[in-house]
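Undergrad: Below are the sequence and a predicted model for it; my questions follow.
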Amino acid sequence: MLTLRRIAPWCFALALIVYLRPYTGIRHDATLYLAQALRLISPDIFNRDLFFVAGSQASFTLFPQQLALLLAHVEPGKAFLVLTFVSRLLFYAASAWCVHVLFPARWRWPALLALIVMPTGYGAFSMFSYAEPFLTARPIAEALCLLAMAALVRARMAWAVALFAAAGLLHPLQAIVAVLVAWCWLVLGDRRWLWSLLLVVPVLVLAALKVGPFAGLLLVMDTQWRSMIDDVGDQVFLGAWTPRDWCIVLADVYLLSLLAQWSGPNAMLGRLAKAVLLATVIGLGLSFLLADVLRLILPIGLQLWRVLWVVHWLAAASIPFLVWDQWQRGGHHWIAPLLVVTIAVIGASVPRSTLPWAVLGLIPLHMVWPHVADRVSSPIRYLLLAGLSVAMVVATARYQLQMWAVYEMTGRNPEVVRQDVMIFAYPLICGGLVALAVWGYRSSGPKGQALMGVLSIAALVGALSVWDSRSPWTRVQESAHGTAVFSEEIPRNASVFWFASEASPRAAWLVLRRANYYSPQQLSGQMFNRQTALLGRQLSAQVEPVTLQSEICEVMANVQVDAEPCRISELGLEHMCTRHGDLVPPDYFVLPFDQEKHVHSRWQVRHPRTGEVITTEYLYKCSDWVPPLAGGAQA
């Protein structure tokens with residue numbers, strides 16, 4: 001019974017970690033790490049890919065090399081699944097240790113659970129998050145940074161330096177901003193650390209001598225290059241962020257400002273909050289000045305605004321402690337604590353939520369409340385409580401309606417969208433149920449806690465059983481790696497354009513192991529390489545007629561019952577397959593449409609469990625669609 005009582009919190013936390021962030025396969029930036037590893041294995045194939053032709057970010061990290069060693073012996077689908085799980089556990093294990101070092105004993109478990117429950121997004125357009133649910137170097141680097149900060153707080157400088165260095169070797173961008181926080185911590189403790197700013201001098205000398213990447217510190221991104229990455233790479237420029245994005249930043253910063261005011265027995269928590277706030281001012285200020293205003297290439301790539309991942313991590317962890325602190329300061333009245341909860345929930349980076357605007361009213365109200373609370377009558381207090389409750393209910397309802405719309409768009413297919421996770425993951429719902437479970441555990445006797453241990457084990461087993469939530473199409477793609485899905489062999493030096501509704505090069509890279517001709521995701525490095533941005537714009541224009549018509553075909557297929565077979569116009573295919581100046585067309589292309597001629601091969605994609613045909617992909621050769629003279633003509 002004692003064992004069940006002790007493991008109950010751990011199993012409960014693990015169940016939440018596994019359930020709230022299911023695995024959806026090799027997607028998002030995991031696709032790019034896959035390509036970097038495959039390039040090391042087959043450079044003759046992937047060196048001609050758009051993602052690598054003008055240079056790659058892989059030279060700044062050791063992660064692709066380690067991944068390539070593994071993929072030489074293990075299938076990518078299995079390797080990415082296991083490594084994603086391990087990296088998530090590593091991140092939350094590091095978070096647990098950092099929380100243990102920073103927070104009073106009473107608030108360690110609530111802080112860790114808050115980190116698990118709260119959305120992990122930060123930055124622009126809800127694009128970025130820590131502890132990502134797919135495989136990249138970032139979660140591992142973030143875990144190492146958290147361990148380094150814990151070592152720094154405990155005055156273990158050697159360990160901190162080693163851990164920061166290891167994080168930098170995996171993902172320099174996440175590590176640099178964490179080092180900035182560490183430097184601010186040291187400066188707040190001893191002003192002599194300001195002398196370390198003299199290290200800027202040799203860096204400027206290296207930049208002036210154009211040594212390696214330091215050359216970009218004094219090179220300016222020209223206006224043409226800047227215009228080419230509009231709408232695709234805008235997230236790296238603070239001036240392109242929306243007011244909604246800044247409201248989310250404001251919510252986190254305000255929570256940290258409350259934490260910075262705390263000067264209890266564990267004063268290092270308040271000091272860390274001050275260090276993070278100072279790092280935020282420096283990071284955002286330098287990012288705006290050097291990237292937005294001066295358009296210097298290296299600062300644009302460094303993305304110092306990523307300091308917000310540390311800001312959000314500490315803000316999320318501090319929520320339970322801040323609620324209790326406000327309860328104590330406010331004489332055990334509910335207005336101030338509920339305001340903190342409302343700011344945290346409504347100000348979180350939740351996709352498709354527009355209500356973060358509300359923090360512009362909630363934060364001033366919370367700031368004013370301590371000064372007017374004694375003069376507010378009971379009816380007004382009840383009215384405020386009701387208003388805050390309604391605001392959170394409205395926020396929850398809006399989110400659920402948005403998520404239901406997404407579910408409808410996928411044809412209510414639970415194999416594509418986990419609607420149960422989408423409903424439960426909203427912080428007010430999940431956080432409320434978790435708080436209730438924690439209260440139940442703490443108020444129960446030994447038998448009750450043992451029972452909750454059994455239930456936690458059952459919850460963990462259930463969460464593990466559904467964690468792998470890859471769609472049937474994703475499962476097929478990842479299991480097809482290295483198999484001949486088409487009867488025609490595609491030459492190793494060929495490039496393939498494979499239309500995909502999710503605009504990902506994964507199919508060409510993973511299924512065919514060939515260079516992908518064009519996908520917007522291949523432009524992720526365009527702020528580092530001008531040629532990538534220029535070539536990407538040209539290739540986009542090359543395939544645009546086909547992609548536009550394909551997207552229209554998909555929309556019609558989704559809205560119509562028994563829709564007629566859709567085809568791409570021959571003019572569109574001829575445009576894509578014609579050489580325009582020095583721009584070479586793709587050698588092959590794959591479409592989910594039967595053009596009824598020049599079909600070289602078909603791949604019937606079957607559901608891995610039922611065997612039902614999901615879709616059929618058709619392989620075509622570009623030379624079949626262009627007259628010989630046109631194919632070599634200058635347009």
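TA: Now that the structure is in, tell me what you want to look at. Numbers count the residues shown, from 1 in each chain.
Undergrad: Name all residues that make contact with C247.
TA: G347, P356, W357, V359, L360 (CB atoms under 8 Å, 6 or more residues apart in numbering). Placement of C-beta: from N, CA and C, glycine included.
Undergrad: now it: how far from G347?
TA: The gap separating C247 from G347 is 6 Å, by CB to CB, to the nearest Å.
Undergrad: Touching both of those two, which residues are there?
TA: P356, V359.
Undergrad: what's the burial count for the residue nearest to C577 when sequence neighbours are not counted?
TA: Nearest residue to C577, sequence neighbours excluded (CB to CB, 6 or more residues apart in numbering): C622, at 3.7 Å. Neighbours of C622 under the rule other CB atoms under 10 Å: 25.
Undergrad: Let's verify S349: helix, strand, or coil?
TA: Secondary structure assignment for S349 (DSSP: H, G, I helix; E, B strand; the rest coil): coil.
Undergrad: And the pLDDT for it?
TA: pLDDT, S349: 89.
Undergrad: can you check P565 too?
TA: pLDDT, read off for P565, is 86.
Undergrad: mind checking the backbone torsions on the nearest residue to it once chain neighbours are set aside?
TA: Once flanking residues are discounted, P565 sits nearest to D594: 6.5 Å by CB to CB, 6+ apart. When quoted as degrees, to the nearest 10, the phi and psi of D594 stand at phi -90, psi 110.
Undergrad: any idea how far D594 lies from A484?
TA: Taking CB to CB, one finds D594 at 20 Å from A484.
Undergrad: repeat for L204
TA: Distance from L204 to A484, counting by CB to CB: 55 Å.
Undergrad: quick revisit: was I right about the residue nearest to P565 contacting T616?
TA: Yes: judged on CB atoms under 8 Å, D594 makes contact with T616 at a distance of 7.3 Å.
Undergrad: For the helix or strand hosting V200, list the C-alpha coordinates in PDB.
TA: Element membership of V200 [criterion: DSSP states H and E] is helix 200-208. Extracted C-alpha coordinates of helix 200-208, given in PDB (Å, rounded to 0.1, in the frame of the first residue of the first chain):
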ATOM      1  CA  VAL A 200      32.100  41.600 -27.400                       C
ATOM      2  CA  VAL A 201      35.300  43.200 -28.600                       C
ATOM      3  CA  PRO A 202      37.000  40.000 -30.000                       C
ATOM      4  CA  VAL A 203      33.600  39.000 -31.400                       C
ATOM      5  CA  LEU A 204      33.500  42.300 -33.400                       C
ATOM      6  CA  VAL A 205      37.100  41.700 -34.500                       C
ATOM      7  CA  LEU A 206      36.100  38.300 -35.800                       C
ATOM      8  CA  ALA A 207      33.100  39.800 -37.600                       C
ATOM      9  CA  ALA A 208      35.300  42.500 -39.200                       C
END
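Undergrad: What are the buried residues along stretch 552-567?
TA: Going by neighbour count (16 or more other CB atoms under 10 Å), the buried part of stretch 552-567 is C553, C566.
Undergrad: just stretch 566-575 next, same as before
TA: So, applying 16+ other CB under 10 Å, buried residues of stretch 566-575: C566, I568, G572, L573, E574, H575.
Undergrad: now do stretch 475-487
TA: Quick answer for stretch 475-487 (16+ other CB under 10 Å): R475, V476, Q477, E478, S479, A480, H481, V485, F486.
Undergrad: For L81, see how far away R567 is.
TA: Counting by CB to CB, the gap from R567 to L81 is 37 Å.
Undergrad: what does R106 give?
TA: For R106, the distance to L81 - CB to CB - is 37 Å.
Undergrad: Show me which of the two is the more surrounded one.
TA: Comparing R106 with L81 by other CB under 10 Å, the one with more neighbours is L81, at 19 against 10.
Undergrad: Could you report the separation of the more buried one from P22?
TA: 11 Å.
Undergrad: Ok, S524 next?
TA: Taking CB to CB, one finds S524 at 24 Å from P22.
Undergrad: same deal with V249?
TA: 28 Å.
Undergrad: who's more crowded, the two?
TA: V249 (24 against 17).
Undergrad: With adjacent residues omitted, what lies nearest to the more buried one?
TA: Counting by CB to CB, 6+ apart, the residue nearest V249 is L308, at 6.4 Å.
Undergrad: now swap in F321 and tell me
TA: F321 sits nearest to W107 (CB to CB, 6+ apart), 4.6 Å away.
Undergrad: Tell me how many other residues surround that neighbour.
TA: 21.
Undergrad: Correct me if wrong: it contacts I319.
TA: No: if you go by CB under 8 Å, W107 and I319 don't touch, sitting 10.2 Å apart.
Undergrad: which regions of the stretch 201-350 of the chain sit below the pLDDT cut-off?
TA: Judged by pLDDT under 70, the stretch 201-350 of the chain has its weakly predicted residues at 231, 263-266.
Undergrad: Can you show me the strands along this structure?
TA: 121-122, 128-129, 495-498, 515-516, 588-591, 599-606, 613-621 (DSSP state E).
Undergrad: Dump these into a markdown table; add mean neighbour count, mean pLDDT and distance to L451 as well.
TA: Output for those, formatted as a markdown table (neighbours: other CB atoms under 10 Å; pLDDT from 0 to 100; distance: least, CB to CB, whole Å):
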| stretch | mean neighbour count | mean pLDDT | distance to L451 |
| --- | --- | --- | --- |
| strand 121-122 | 23 | 96 | 35 |
| strand 128-129 | 20 | 94 | 35 |
| strand 495-498 | 24 | 98 | 52 |
| strand 515-516 | 28 | 97 | 53 |
| strand 588-591 | 24 | 98 | 54 |
| strand 599-606 | 15 | 96 | 44 |
| strand 613-621 | 17 | 96 | 43 |
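Undergrad: got the contact list for the closest residue to L194 other than its chain neighbours?
TA: Excluding its sequence neighbours, the residue lying closest to L194 (CB to CB, 6+ apart) is V187, at 6.0 Å. Applying CB under 8 Å, 6+ apart, we find V187 in contact with W193, L194, L278.
Undergrad: any idea of the pLDDT on V187?
TA: pLDDT, read off for V187, is 98.
Undergrad: Can you get me a residue count around the closest residue to A251 other than its chain neighbours?
TA: The shortest distance from A251 to any non-neighbouring residue, by CB to CB, 6+ apart, is to G347 (2.5 Å). A count of neighbours around G347, defined by other CB under 10 Å, yields 27.
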